[in-house]
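> Here is my input; please provide its structure:
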Amino acid sequence: MAIPYSALLLEAEALSERLARRRLSRLAEVARGVFSFSVEKGEKLVLSLFGVSPAVYLSSTLPDVESLPSSFYLYLRKECQGARVKKVSTVNGDRVLRFELEAIGPTFKPIALSLIAELVPSKPNLILLDEEDKVLIAYRMGSFGAGRMLLRGMLYEPPEKRKEAPASLAEGERFSLAEYCAEQEKGEAAILERRKREKYKPLFDLAKRKVKSGKKKVAILEEDKKEAESHLNDGDYGNFIYTNLESIDPRSGSMTLDDGRKIPLNPLKSATENAEAFFRRAKKSKVAVALSEQNRQKAERELAEYEELQQSIQTADEELMDELMARYGEKGQAKSKKKKGGELISTASLPYSCSLNDGTVVSFGKSAKQNDFLTFHLDTSPNHVWIHVLEGSGSHVMIRKSAPTDAEVQLAAELCLLASDYEDGEVMVTERVNVRRGNVPGLAVVSTYRSYRITHITPEAKALFQGAKKVALKQ
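Numbering: from 1, shown residues only. Prediction:
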């Protein structure tokens, strides 16, 4: 059951007292929608958006784990890692917590941020706001036309309250932060199990698929063997035909054996041809029985292997799961995927990067998804330089440092044209702070820029473009 506002109000006061001036470190997305910050040795601040009972609590039992990769996690880690908690309070008299943070900005000056945890059971959310309460990013972003638009750069609006919540606990009620946290810790086993199934989903799917297909294959091979065995004695029917050649007429469609059984014959063939067909079928059946038995044994061994795998992964820890993923990944085509927000991102969504002679990194996209990920998730540093073709669609390019030299801008502009399939043309150059997201993936709206005309592509730019590699998302 979700925490009532009256209890949340007291929790906010207790958390504010416990976390004041504490640093948030080692952010991890433990499972999809469950985030944890280390706040001191052995203790974590857990923000769970999962299920019908979203919660924020302090845990001393949740283990340190490697984060599941997502763009939301990456952005949150970048902005909040090392931030100090100033205050925790409720918002709008509802089940919404505000964590007022003091972080270090790009110029190493303190900046104010707010981390909003909306603990509304219908659609919980986690939102990061700037010092003006404008949305930087949300776990569940809104869209145009929605009742409440949670869009980057828009002023944050709390969810509409369904009913007025009591400001204090009713008579006889009590709230203990320690007891509440201990109760939430009981659900961590389920969180870790869900994490395991999310992180190693390809392995679970592989085992399930192989066991299902293996059982079906064994059953089919068993039927094939029975069918072949039913024709092992067909040679006797051929001998019977030759023994009674004068009295057998295939045009009747069958022959009657001494024991009264009727055996079908092919009326379009002569008696001799029917006899030869029986001999051939008997010979083939012997081979088929031997092969089907070999194949059945092989299929049973494979089935046993995957049944054992299916049983092992139920109780395996992450170290063993990693080993099993390495062992079975290629068989099951179980390559891990990065994650974007709450959604899966394949490696096709990752942009490319190359290094100039002085070590400056330039990244560029070749598709709308890659452009979107590069500009609005991977590198949002306001003073980094952003480049795009002046007219029409094309690649987003980021010079991933402030104040690049003219030579670096020239090379990056040439890369922009190459990635956009141009041989020459005009590009726009601006700082990332002047770029905002459009209403479709990859669309960017630029407020101000300067233009560059590129008349030809240099061999150096072509070599950099050819040697560019996919960006690697590091933990």
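> What distance do you get for the nearest residue to Cys80 once chain neighbours are set aside to Pro121?
Once flanking residues are discounted, Cys80 sits nearest to Leu24: 5.7 Å by CB to CB, 6 or more residues apart in numbering. Where you see a C-beta, it was placed from the backbone N, CA and C, and this is true even at glycine. Plainly put, Leu24 is 25 Å away from Pro121 if you go by CB to CB, to the nearest Å.
> Mind checking which of the two has more residues around it?
Leu24 (24 against 12; other CB atoms under 10 Å).
> quick one: which helix or strand includes the closest residue to Tyr242 other than its chain neighbours?
Computed as CB to CB, 6+ apart, the closest residue to Tyr242 that is not its neighbour in sequence is Ala275, at 5.7 Å. In the assignment (DSSP states H and E), Ala275 maps to helix 271-315.
> Tell me where the stretch 251-400 of the chain is predicted with low confidence.
329-348 (pLDDT under 70).
> Try it again at 90.
The stretch 251-400 of the chain contains residues with pLDDT under 90 at 287-296, 315, 317-350, 356-359, 367-369, 372-373, 376-382, 390-394.
> how is the chain carved up into domains?
The record's domain split for the chain, according to automatic domain parsing, is 5-195, 201-328, 346-470.
> Looking at the longest one now, give me its mean pLDDT.
Spelled out, that is domain 5-195. Average pLDDT, domain 5-195: 87.
> gap between the two ends of that domain?
29 Å (CA to CA, to the nearest Å).
> Work out the gap between stretch 399-417 and the centre of the chain.
32 Å (CA atoms, centre = their mean, to the nearest Å).
> could you dump it to PDB, C-alpha only?
Taking C-alpha atoms only, stretch 399-417 is exported to PDB below (Å, rounded to 0.1, in the frame of the first residue of the first chain):
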ATOM      1  CA  ILE A 399      32.600  19.000 -30.500                       C
ATOM      2  CA  ARG A 400      32.800  17.700 -27.000                       C
ATOM      3  CA  LYS A 401      34.700  20.700 -25.400                       C
ATOM      4  CA  SER A 402      34.200  24.400 -25.000                       C
ATOM      5  CA  ALA A 403      35.900  27.000 -27.300                       C
ATOM      6  CA  PRO A 404      37.400  24.700 -30.000                       C
ATOM      7  CA  THR A 405      39.900  26.100 -32.400                       C
ATOM      8  CA  ASP A 406      38.900  27.200 -35.900                       C
ATOM      9  CA  ALA A 407      40.700  24.100 -37.300                       C
ATOM     10  CA  GLU A 408      38.600  21.800 -35.100                       C
ATOM     11  CA  VAL A 409      35.400  23.500 -36.100                       C
ATOM     12  CA  GLN A 410      36.400  23.200 -39.800                       C
ATOM     13  CA  LEU A 411      37.100  19.400 -39.400                       C
ATOM     14  CA  ALA A 412      33.900  18.900 -37.400                       C
ATOM     15  CA  ALA A 413      31.900  20.800 -40.100                       C
ATOM     16  CA  GLU A 414      33.400  18.500 -42.800                       C
ATOM     17  CA  LEU A 415      32.400  15.500 -40.700                       C
ATOM     18  CA  CYS A 416      28.900  16.900 -40.500                       C
ATOM     19  CA  LEU A 417      28.600  17.100 -44.300                       C
END
